[in-house]
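1. got a predicted structure here, sequence first:
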Amino acid sequence: MKKMEKSSNPEDGKTSGFSVWVKRMGIVGFMFFLLKGIGWLVLGSVVGKCALG
């Protein structure tokens, strides 16, 4: 049961900082690919409209 108390250890500051960094990179990565995908959809619809007329 003492293994579950690991997060309360004051020496785990580096681990929590790393976790925050990983979460930020995950959010940034998600937003990047979301915007990239939306951009490709918009570009495809514009090119399609121009091609058809």
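-> Cool, the structure landed.

2. what number of residues lie near residue 36?
-> By the criterion of other CB atoms under 10 Å, residue 36 has 10 neighbours. All C-beta spots, glycine's among them, are computed from the backbone N, C-alpha and C.

3. with the one 4 residues further on instead?
-> Using other CB under 10 Å, residue 40 has 10 neighbouring residues.

4. likewise for residue 21?
-> When neighbours are defined as other CB under 10 Å, residue 21 has 10 of them.

5. in which helix or strand does it reside?
-> Element membership for residue 21, per DSSP states H and E: helix 13-52.

6. name the helices or strands packed onto that helix?
-> Judged by 3 or more CB pairs under 8 Å, 6 or more residues apart in numbering; DSSP states H and E, helix 13-52 is in contact with no other helix or strand.

7. how much space separates residue 33 from residue 26?
-> With the distance defined as CB to CB, to the nearest Å, residue 33 ends up 11 Å from residue 26.

8. between the two, which contacts overlap?
-> Here residue 33 and residue 26 share no contacting residue, scored by CB atoms under 8 Å, 6 or more residues apart in numbering.

9. re earlier: would you mind listing the buried residues in the helix holding residue 21?
-> When burial is assessed from 16 or more other CB atoms under 10 Å, helix 13-52 yields no buried residues.
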